[in-house]
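> Structure of the sequence below:
(one chain, ligands or ions: 2)
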Amino acid sequence: MSDSLPPSSITLTRPDDWHLHLRDGAVLRDVLPHTARQFARAIVMPNLKPPVTTVALAKAYYERIMAVLPSDLKFEPLMTLYLTDNTAPEEIKRAVDCSFVHGVKLYPAGATTNSDAGVTNLKHCMTTLEMMQAEGLPLLIHGEVTDGDIDLFDREAVFIEKILIPLRKQLPALKVVFEHITTYQAADYVREADGPIAATITAHHLLYNRNAIFKGGIRPHYYCLPVLKREIHRQALLKAAGSGNPRFFLGTDSAPHAKGLKEHACGCAGCYTALHAMELYAQAFEEMGALNKLEAFASFHGPDFYGLPRNQDQITIERSPWHIPEELPMAETTVVPLDAGQLLQWKFVG
Ligand code: NCD
Ligand code: ZN
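Numbering: from 1, shown residues only. Ligands and ions are numbered 1, 2, ... in the order given. Sure, this is the predicted structure:
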């Protein structure tokens with residue numbers, strides 16, 4: 001056992017967020033500063049209404065993001081396209097030729113928020129995926145089957161067997177990011193599989209198991225997709241994130257929804273963590289005694305996989321307890337951050 005004192009602050013290379021929802025309009029304006037304060041870059045999800053399906057739409061979205069970025073913050077949005085049954089291979093060419101699109105997102109139709117236009121069957125996308133494989137453009141996967149007769153908690157594990165393994169057999173050189181993994185099956189698969197594959201892991205899946213959704217009553221702010229799983233899965237995610245394996249890296253999946261749409265008879269899926277992302281990850285890494293692995297997970301493995309340079313500047317987080325606000329202004333309404341009202345041990349200082 002080490003007798004050294006726990007650190008009172010950590011300084012690390014500025015991290016990036018490899019899975020983020022920024023939305024649009026007034027919501028974008030209000031949530032963007034939270035992410036841009038902590039992260040240099042973020043992979044921006046394309047599930048707007050209507051979805052970002054073309055390079056032209058991605059360029060317009062990029063410009064809307066930059067237009068509301070506060071002038072004292074530096075931030076680079078890494079744009080993605082939303083794959084549909086009709087995405088043409090030429091669109092992939094255009095994406096590769098532009099400087100701002102870094103991936104294509106696969107939402108199985110109906111899997112999550114704004115996924116109705118998603119892919120109904122990957123067989124419709126094969127020539128487009130072949131083009132992505134040839135050009136080295138990553139496919140970012142929401143890995144859940146959508147079959148009503150598959151138990152909600154099994155949808156990721158079934159996706160691996162039914163969709164992911166066959167797809168990667170057909171396209172073994174396709175770069176794949178298995179987004180926001182939640183199970184030991186996904187962690188095992190990503191660790192053991194051949195070829196170019198990686199996974200993002202959220203802070204909330206490292207910190208909580210499914211009990212959090214039901215503790216003392218139903219708690220909608222802990223409901224996200226893929227849904228939180230059993231403790232055995234959380235332990236596997238902690239092990240993967242803290243292992244130093246370059247296939248695992250940070251992706252918050254911070255997903256703002258108005259308070260009233262979460263606290264609702266049919267509440268939206270998504271946890272809001274952009275405000276305090278690095279503090280939450282620090283808490284999770286400290287829990288497993290792996291604070292020394294946080295920098296590689298947050299700041300090195302992502303850019304290395306995407307073929308982008310690592311950031312040059314640094315951030316510091318301090319052990320300095322503070323209360324997470326109960327809610328934050330967002331457009332005409334508010335958003336409730338994860339762990340609202342609770343004491344957080346770490347604080348981002350800049
Ligand atoms: C995301 C959202 O709200 O857009 N929700 C979520 O629970 N994670 C969509 C997604 O990433 O699945
Ligand atoms: Zn997401």
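> hey, let's count contacts and neighbours off CA atoms from now on
Noted.
> which strand is the longest one in this protein?
Identified as the longest strand of the chain according to DSSP state E is strand 314-323.
> and after that one, which helix or strand comes next?
Per DSSP states H and E, the first helix or strand lying C-terminal to strand 314-323 is strand 328-330.
> Just the buried residues of that following strand, please?
Leu328, Met330 (16 or more other Cα atoms under 10 Å).
> Same check on stretch 58-68?
For stretch 58-68, by 16+ other Cα under 10 Å, it's Ala58, Lys59, Tyr61, Tyr62, Ile65, Met66.
> for stretch 338-350, same thing?
Leu338, Asp339, Ala340, Leu344, Trp346, Lys347, Phe348.
> Just the closest of those residues to Gln185, please.
Gln185 has its nearest neighbour among the buried residues of stretch 338-350 in Leu338, at 25.8 Å by Cα to Cα.
> so the closest one touches Cys271, yeah?
Yes: with contact defined as Cα atoms under 8 Å, Leu338 reaches Cys271; the gap is 6.1 Å.
> Help me confirm that His257 is found in a helix?
No: per DSSP: H, G, I helix; E, B strand; the rest coil, His257 lies outside any helix segment and is coil.
> Without its sequence neighbours, what residue ends up closest to it?
Distances taken as Cα to Cα, 6 or more residues apart in numbering place Val335 nearest to His257, at 6.2 Å, with adjacent residues excluded.
> That neighbour and ligand 1: what is the separation?
Val335 is 12 Å from ligand 1, where distance means Cα to the nearest ligand atom, to the nearest Å.
> can you map out the strands along this protein?
9-13, 17-20, 41-44, 76-82, 101-106, 139-141, 176-178, 197-201, 248-250, 314-323, 328-330, 333-335, 343-348.
> which parts of the protein sit against ligand 1?
By Cα under 6 Å from any ligand atom, the residues of the chain that approach ligand 1 are Thr112, Thr113, Cys224, Leu225, Asp253, Ala255, Ala269, Gly270.
> hang on, the earlier thing: give me whichever of the strands of the chain is most buried.
Highest mean neighbour count among those (mean count of other Cα atoms under 10 Å): strand 248-250, with a mean of 31.
> Give the other helices and strands that that one contacts.
Helices and strands touching strand 248-250, by 3 or more Cα pairs under 8 Å, 6 or more residues apart in numbering; DSSP states H and E, are strand 17-20, strand 197-201, helix 231-241, helix 301-306.
> what's the shortest one in contact with?
When you say that, I think you mean strand 17-20. 39, 41-45, 179-180, 200, 249-255, 298, 302 (Cα atoms under 8 Å, 6 or more residues apart in numbering).
> What of the third one?
With contacts defined as Cα under 8 Å, 6+ apart, helix 231-241 is touched by 181-184, 187, 201, 205-210, 248-249, 284-285, 288, 297.
> Show me which positions of stretch 44-55 end up buried.
Those would be Val44, Met45, Pro46, Asn47, Leu48, Pro51, Val52, Thr53, Thr54, Val55, for stretch 44-55 by 16+ other Cα under 10 Å.
> out of these, who's nearest Thr84?
Lowest distance from Thr84 to these (Cα to Cα) belongs to Thr53, with 7.5 Å.
> Correct me if wrong: the closest one contacts Asn86.
No: using Cα under 8 Å, Thr53 makes no contact with Asn86, being 9.5 Å away.
> Drop anything exposed from the residues of the chain next to ligand 1.
Thr112, Thr113, Cys224, Leu225, Asp253, Ala255, Ala269, Gly270.
> circling back to that earlier point, what is in contact with Leu338 and Cys271 at once?
His221, Tyr222.
> tally of neighbours for Thr128?
By the other Cα atoms under 10 Å criterion, the neighbourhood of Thr128 contains 20 residues.
> right, and it touches Asn86 too?
No: judged on Cα under 8 Å, Thr128 makes no contact with Asn86 at a distance of 9.1 Å.
> Inside helices: which ones of the residues of the chain next to ligand 1?
Per DSSP state H, helices hold no members of the residues of the chain next to ligand 1.
> how about those residues in TSV, adding distance to Asp30 and pLDDT?
Shown next, in TSV, are the residues of the chain next to ligand 1 (distance: Cα to Cα, whole Å; pLDDT from 0 to 100):
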residue	distance to Asp30	pLDDT
Thr112	23	80
Thr113	20	77
Cys224	21	98
Leu225	23	97
Asp253	17	98
Ala255	13	98
Ala269	19	98
Gly270	17	98
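> Quick check: of those residues, which lies closest to Glu279?
Set against Glu279, the nearest of the residues of the chain next to ligand 1 by Cα to Cα is Asp253 (15.1 Å).
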